[in-house]
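Engineer: pasting the sequence and the predicted coordinates here, then a few questions.
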Amino acid sequence: MKIAYIVDGDPTNKRLWSGTVSYIYQSLCKVAEVECIDISGQSKLLTLWYRLLSAVIKLFSGKKFYASFGLIKAKRDSKIVTRFLRGRDDIDYVFCAAKSGSIAFVKTDRKIIYLTDATFDGMHGYYGYLTGLCSLTVKNANRIEKGAIDNSELIICPSEWVRASVCSTYGKAEEKTVLIPFGANIDEAPTPSSGGDGEFNILFCGVEWERKGGDVAVDAFRHLRRSHPECKLYLVGCKPPYEITDEGIELVGFLNKNNPEEKKRLADIYASTSLLLLPTRAEAAGIVFAEASAHGIPSLTYNTGGVGAYVIDGENGYKLPTSAGAEDFADKIVQIIEDGELYGRLQRRSRELFFERYNWSAWLDSFLAALENMK
């Protein structure tokens with residue numbers, strides 16, 4: 001079996017899409033000969049044109065033009081893929097991970113598999129950077145998304161949230177979709193977390209402070225410390241927009257998994273973490289929840305987007321309603337801390353779910369089964 005894998009740069013770079021591009025590539029290479037179609041790079045003239053267009057639209061309408069959904073770029077990327085595939089009868093499948101523009105206008109008789117954790121319609125107005133868009137961007141983005149979905153023989157959906165949008169908004173038949181959760185982006189199964197060894201260490205892990213709910217996490221921790229001063233909070237991946245000097249809060253910052261020392265630092269934090277607290281306001285999937293489960297760490301978050309595919313209430317954590325505030329999160333943490341039997345059960349089930357579902361071997365098995373069903 002030979003697969004053409006569409007990439008935007010080095011497929012082994014673990015900073016691309018939080019490492020997901022790399023782990024998908026590694027998984028595919030285990031069962032197929034994989035050739036990469038690199039769509040990275042863009043002409044300086046096109047970049048200049050998009051900047052000029054963005055400035056003009058902002059000046060006259062106050063709206064945002066989003067260059068990633070520009071038709072010129074999408075048609076250019078699709079042309080690269082079309083040219084690569086021309087005459088390549090040896091290619092069995094084309095695999096596209098979250099690069100809708102690269103397949104929206106492709107002309108080929110090869111079967112295209114499109115993996116996306118969110119459609120444009122699902123993201124529009126949900127993620128902060130996709131609010132206040134001009135009508136041209138919305139029109140183009142929906143056209144590109146529709147083209148990518150229509151051109152694909154199979155859509156891999158990491159959550160029911162995205163599958164609902166693929167089918168209801170863009171009209172794809174449900175039998176052309178398959179639900180396969182992401183695996184944890186780790187190289188091997190880690191040793192289970194010690195849970196803090198007498199302390200209760202909480203991890204907040206996210207780059208985008210506002211979207212990931214950093215303010216809610218800090219406020220919840222402050223409520224928690226009033227009754228449980230032994231608790232500690234790690235803030236990883238982010239730079240808070242205001243000064244935080246609370247006792248018990250450690251500002252770790254961003255850790256690059258491509259750097260061995262920083263990768264080890266993150267592993268050490270996971271090894272002593274008791275609970276992942278990520279009150280994210282918008283989330284397509286959240287691989288960090290799978291990584292927490294890999295370490296036997298329960299998660300606490302909001303019930304939003306595709307989170308439900310990764311945090312199962314009463315099994316590997318809890319999802320609170322989006323109306324919940326910091327005090328509600330603190331109360332839930334207290335319940336978990338003070339019920340040793342409950343906490344032990346959450347730890348064990350988190351770990352079990354990683355081995356059953358949230359690993360790339362399980363992802364690959366489900367992928368191969370989906371290919372069989374396509375034939």
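Structural biologist: Right, received. Where do you want to start?

Engineer: let me see the domain layout of the chain.
Structural biologist: Following automatic domain parsing, one finds the domains of the chain at 2-183+360-374, 200-356.

Engineer: for the shortest one, give the mean pLDDT please.
Structural biologist: Over the span of domain 200-356, the pLDDT mean works out to 96.

Engineer: okay if I get the domains of the chain as TSV plus distance to Pro190 and mean neighbour count?
Structural biologist: For glycine as for every other residue, the C-beta is placed from the backbone atoms N, C-alpha and C. Formatted as TSV, the domains of the chain follow (distance: least, Cβ to Cβ, whole Å; neighbours: other Cβ atoms under 10 Å):
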stretch	distance to Pro190	mean neighbour count
domain 2-183+360-374	13	18
domain 200-356	5	19
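
Engineer: helices along the chain, start to end?
Structural biologist: Taking DSSP state H as the test, the helices found in the chain are 20-29, 44-61, 71-85, 120-123, 135-151, 160-168, 214-227, 260-271, 287-294, 326-338, 340-356, 360-374.

Engineer: tabulate these (JSON lines), appending distance to Gly183.
Structural biologist: What follows is the helices of the chain, written out as JSON lines (distance: least, Cβ to Cβ, whole Å):
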{"stretch": "helix 20-29", "distance to Gly183": "6"}
{"stretch": "helix 44-61", "distance to Gly183": "35"}
{"stretch": "helix 71-85", "distance to Gly183": "26"}
{"stretch": "helix 120-123", "distance to Gly183": "22"}
{"stretch": "helix 135-151", "distance to Gly183": "23"}
{"stretch": "helix 160-168", "distance to Gly183": "17"}
{"stretch": "helix 214-227", "distance to Gly183": "25"}
{"stretch": "helix 260-271", "distance to Gly183": "16"}
{"stretch": "helix 287-294", "distance to Gly183": "6"}
{"stretch": "helix 326-338", "distance to Gly183": "25"}
{"stretch": "helix 340-356", "distance to Gly183": "9"}
{"stretch": "helix 360-374", "distance to Gly183": "4"}
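
Engineer: tabulate the domains of the chain (TSV), appending distance to Ala189.
Structural biologist: Output for the domains of the chain, formatted as TSV (distance: least, Cβ to Cβ, whole Å):
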stretch	distance to Ala189
domain 2-183+360-374	10
domain 200-356	7
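
Engineer: which one of the ones you listed lies nearest to Ser193?
Structural biologist: Among the domains of the chain, the nearest to Ser193 by Cβ to Cβ is domain 200-356 (4.5 Å).

Engineer: how long is the closest one end to end?
Structural biologist: Terminal residues of domain 200-356 are spaced 27 Å apart (Cα to Cα, to the nearest Å).

Engineer: and that domain, how far out from the chain's middle?
Structural biologist: With Cα atoms, centre = their mean, to the nearest Å as the basis, domain 200-356 stands 16 Å off its chain's centre.

Engineer: re the thing from before, to Phe95, which of the helices of the chain lies closest?
Structural biologist: Ranking those by proximity to Phe95 (Cβ to Cβ) places helix 20-29 first, at 6.6 Å.

Engineer: any idea of the pLDDT on Asp197?
Structural biologist: The model's pLDDT for Asp197 equals 64.

Engineer: do Ser68 as well
Structural biologist: Note on Ser68: pLDDT of 88.

Engineer: wait, doesn't Lys14 sit right on Ser22?
Structural biologist: Yes. Under the criterion of Cβ atoms under 8 Å, Lys14 makes contact with Ser22 at 5.0 Å.

Engineer: what do the two both touch?
Structural biologist: Shared contacts of Lys14 and Ser22 (Cβ atoms under 8 Å, 6 or more residues apart in numbering): Asn185.

Engineer: got a list of what Ile249 touches?
Structural biologist: Taking Cβ under 8 Å, 6+ apart as the contact definition, Ile249 lies against 218, 221, 232-233, 235.

Engineer: roughly how far does Asp121 sit from Asp38?
Structural biologist: The gap separating Asp121 from Asp38 is 28 Å, by Cβ to Cβ, to the nearest Å.

Engineer: check Glu230 too.
Structural biologist: Going from Glu230 to Asp38 by Cβ to Cβ gives 51 Å.

Engineer: repeat that for Phe354.
Structural biologist: Separation of Phe354 from Asp38 (Cβ to Cβ) stands at 32 Å.

Engineer: cool, and Val178?
Structural biologist: Between Val178 and Asp38 the computed distance is 27 Å (Cβ to Cβ).

Engineer: kindly report the same for Lys239.
Structural biologist: Look at Lys239 and Asp38: by Cβ to Cβ, they are 31 Å apart.

Engineer: same deal with Gly305?
Structural biologist: Gly305 is 30 Å from Asp38, where distance means Cβ to Cβ.

Engineer: who's in contact with Ile80?
Structural biologist: 37, 39, 102.

Engineer: I am finished for the moment; much appreciated.
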